[in-house]
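Student: Generate a structure from the sequence data that follows.
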Amino acid sequence: MATDASRASAERIVIASSNRGKVREIREILRETIRHGRALELIDLADLSPVSFPEEGVDYRTNAIEKARAVAMQAGEIALADDSGLEVDALEGRPGPLSARFGGTGLDDAGRIERLLRELREIPSQRRSARFVCVAALVTPAGDVLSARGECRGEILAAAVGRGGFGYDPVFRVSGLTRTMAELTSDEKNRISHRARAFRALFDAWG
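Tutor: Numbers count the residues shown, from 1 in each chain. Below you'll find the model as predicted:
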């Protein structure tokens, strides 16, 4: 996908997100890529002039690509972005791509969790299956686009457990484990999470 020109500038990559928890996770995930010999200089949005983002829609891939494209075109740098969400089977896949806005823009993480648990209060534990979904995208200033998807399956608990992570992590128990995402160490989470799987697949495809 990448041209010789884009390879030459591949050391500088902007993480196109203002979500501090997400930026931290992406940096931790990409440490493995850096350790395996790929030279990456990861730049935060705060280090650039202000960037205007398009309104987000209801498709993970489109949202991720458009966020990365906005930064690549305005900053003239290779940009990484992702879009992710929680899909609950009993809610027919909601909140999905609207996860960060679930219940309205005025809610914080705790408020969104409360809203989710309120909607699920009549749903028994055996019907609370869910999955985290992430699509990661890379866009170059030349307009090259690459994306990859990752998922992590689990179930929604009746109450929050754990203090780590962010978003819906405290109520999402990972399939095959006895702990929620919020109870995992960063290293554990970054081996199995939807975001880790998406970014590993993205960089594997980039070559």
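Student: can you tell me the distance between the two ends of stretch 166-174?
Tutor: 15 Å (CA to CA, to the nearest Å).
Student: what's that stretch in contact with?
Tutor: 19, 21-22, 86, 99-100, 109, 112-113, 116-117, 130, 132, 152-157, 159-163, 179-182, 184, 192 (CB atoms under 8 Å, 6 or more residues apart in numbering). (C-beta placed from N, C-alpha, C; glycine too.)
Student: ok, now with 7 Å
Tutor: Stretch 166-174 has contacts (CB atoms under 7 Å, 6 or more residues apart in numbering) with 21, 86, 109, 113, 116-117, 130, 132, 152, 154-157, 160-162, 179-182, 192.
Student: Keep only those of these that are in strands.
Tutor: Among the contacts of stretch 166-174, the members falling in strands (DSSP state E) are Leu86, Ala130, Phe132, Cys152, Gly154, Glu155, Ile156.
Student: Enumerate every residue touching the fifth one.
Tutor: If a contact means CB under 7 Å, 6+ apart, then Gly154 has Ala130, Arg131, Phe172, Arg173, Val174, Ser175 as its contacts.
Student: show me the contacts for Ile65.
Tutor: If you count contacts by CB under 7 Å, 6+ apart, then Ile65 has Ala137, Val139, Val145, Ser147 around it.
Student: Now do the strands in the protein.
Tutor: With DSSP E, the ranges of strands along the chain come out as 12-15, 41-44, 78-88, 95-96, 129-139, 145-156, 172-174.
Student: Format those strands as a markdown table; extra columns: mean pLDDT and distance to Leu30.
Tutor: Formatted as a markdown table, these follow (pLDDT from 0 to 100; distance: least, CB to CB, whole Å):
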| stretch | mean pLDDT | distance to Leu30 |
| --- | --- | --- |
| strand 12-15 | 92 | 9 |
| strand 41-44 | 90 | 7 |
| strand 78-88 | 96 | 8 |
| strand 95-96 | 97 | 26 |
| strand 129-139 | 97 | 10 |
| strand 145-156 | 98 | 13 |
| strand 172-174 | 97 | 22 |
